[in-house]
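Undergrad: Fold the stuff below for me.
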Amino acid sequence: MIDVYVDLVFCNDSVLRVKSYHDGKDIYYPLVDLQSYYEEDESFIIRFFHQNVFFEQNTTLANVILAIEPWQNIFSKYTDRDVNAYCAACKKLSDAEQTFSFLEISKSASFSRHYDYLPMKDDEDLTDFFNNKNNRIKTDLIDIETRTAMCGFHHGDNEHYSASHIAFDKIKHTPIIVASQQKNIFLGKESKILAENIQGLFIDKRNITACYSPAELSFSEAIYAIFIDGLFYHRPMTQEHQDAFNQELEEAMAEFDEEKQPALKLVDDTHQPSESTEKELKVKVAPGAFDSVFEYETENAREWDAIYAQLANKSNLKIGKMVLSEQDKSFMDQ
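TA: Reported below is the predicted structural model:
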């Protein structure tokens, strides 16, 4: 069996491919053909759930959904969404104008102090209970919440919009872009001290401490962002449902005044840290320590060569460097 520690790529021809190499070139194999090669059933896809996934440039939402059609029954159970219905909707002809310029998949994480709460009294109001600071006890633990999201954007506007209430035919031909950096947010008064002492931390427009780190998007996270966070509903949204949603939203917004955004607070991050005084670490490697690793890689390369020989003339391979649809930070942070 091939090494499943490989990258997956959603391609703009609606095919999900596995990246490998042959004769010094990048080779992208259709995953469904590899499944047939090994005479596996559709559960073959589960082995790749935790692998990194990328998107070829100009890949649309419909391209992605049709790419997983060979495994639509598994994804319907995994997401609790009717993926079969979404696949069928992708195949319907539509010239509807697209609501967004592009859809973005991004990752973020928030860090905050964990509190233990005292038991609620029998006659105590729930709102009063949570507003009473004496009911909570600060601990040495940290709550970490991670999120993978898919939002809609318009060119020239860094505001993000939900795609869940938009009629599906108005977003299905919209290209997808992935943010390759994730925003890490530190909540609480104590976090402000960090920004004064650590380079790379800053105070963002919501007056909270944040920093960026490289983001690796796994296959399962991409599926979650699209079907759970992005599309959200069990079946594709129709125009009738969108109109009803917009009417309810307009009525709700009429009851509230528009909230004012806090002013952006800038932090001087021009201070450079002093040079490290640590001594250079020297590592000694025992003879033959990595022999087993080299043997494994050699055997894995032979197997990929055998796959290439079998599929080269009858499979829809992509060969060479692929232009990916990604950019550094989320557009909402620009």
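Undergrad: Let me see the ranges of the strands in the stretch 51-200 of the chain.
TA: Along the stretch 51-200 of the chain, the stretches classed as strands by DSSP state E, counting those that start in this stretch are 53-55, 102-117, 136-154, 157-161, 176-179, 181-186.
Undergrad: Would you tell me which of the ones you listed gets closest to Cys211?
TA: With CB to CB, the closest approach to Cys211 among those belongs to strand 181-186: 5.3 Å. (C-beta placed from N, C-alpha, C; glycine too.)
Undergrad: That closest one packs against which elements?
TA: strand 102-117, strand 209-214 (3 or more CB pairs under 8 Å, 6 or more residues apart in numbering; DSSP states H and E).
Undergrad: got CSV for the ones you listed, with mean neighbour count too?
TA: Shown next, in CSV, are the helices and strands packed on strand 181-186 (neighbours: other CB atoms under 10 Å):
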stretch, mean neighbour count
strand 102-117, 18
strand 209-214, 17
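Undergrad: between these, which one is nearest to Thr238?
TA: Nearest to Thr238, of these and by CB to CB, is strand 102-117 at 19.0 Å.
Undergrad: if we can go back for a sec, mind putting the strands of the stretch 51-200 of the chain in JSON lines, mean pLDDT and distance to Tyr224 included?
TA: JSON lines is the format used below for those (pLDDT from 0 to 100; distance: least, CB to CB, whole Å):
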{"stretch": "strand 53-55", "mean pLDDT": "97", "distance to Tyr224": "12"}
{"stretch": "strand 102-117", "mean pLDDT": "91", "distance to Tyr224": "10"}
{"stretch": "strand 136-154", "mean pLDDT": "91", "distance to Tyr224": "6"}
{"stretch": "strand 157-161", "mean pLDDT": "89", "distance to Tyr224": "17"}
{"stretch": "strand 176-179", "mean pLDDT": "96", "distance to Tyr224": "14"}
{"stretch": "strand 181-186", "mean pLDDT": "90", "distance to Tyr224": "14"}
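Undergrad: would you turn those into CSV with distance to Ala62?
TA: Listed next are the strands of the stretch 51-200 of the chain as CSV, based on distance: least, CB to CB, whole Å:
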stretch, distance to Ala62
strand 53-55, 13
strand 102-117, 11
strand 136-154, 14
strand 157-161, 19
strand 176-179, 10
strand 181-186, 26
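Undergrad: Which one of the ones you listed lies nearest to Ala85?
TA: Closest to Ala85 of the strands of the stretch 51-200 of the chain is strand 136-154 (CB to CB; 18.2 Å).
Undergrad: Mind listing residues that contact the closest one?
TA: Contacts to strand 136-154, defined as CB atoms under 8 Å, 6 or more residues apart in numbering, come from residues 99-118, 159-163, 166, 171, 174, 176, 217, 221-222, 224-226, 229-230, 331-332.
Undergrad: Partner strands of that strand and their direction?
TA: strand 102-117 (antiparallel), strand 157-161 (antiparallel) (DSSP bridges).
Undergrad: then the first one to PDB, C-alphas only?
TA: In other words, strand 102-117. Provided in PDB are the C-alpha atoms of strand 102-117 (Å, rounded to 0.1, in the frame of the first residue of the first chain):
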ATOM      1  CA  PHE A 102     -14.400  34.600  -4.300                       C
ATOM      2  CA  LEU A 103     -14.900  32.300  -1.300                       C
ATOM      3  CA  GLU A 104     -12.100  32.000   1.300                       C
ATOM      4  CA  ILE A 105     -11.200  29.100   3.600                       C
ATOM      5  CA  SER A 106      -9.300  30.300   6.700                       C
ATOM      6  CA  LYS A 107      -8.200  28.900  10.100                       C
ATOM      7  CA  SER A 108      -8.000  30.700  13.400                       C
ATOM      8  CA  ALA A 109      -7.500  29.900  17.100                       C
ATOM      9  CA  SER A 110      -8.400  31.700  20.300                       C
ATOM     10  CA  PHE A 111      -6.700  31.400  23.700                       C
ATOM     11  CA  SER A 112      -8.300  32.500  27.000                       C
ATOM     12  CA  ARG A 113      -8.100  31.800  30.700                       C
ATOM     13  CA  HIS A 114     -10.200  28.900  31.900                       C
ATOM     14  CA  TYR A 115     -12.500  29.500  34.900                       C
ATOM     15  CA  ASP A 116     -14.300  27.100  37.200                       C
ATOM     16  CA  TYR A 117     -17.800  28.100  38.200                       C
END
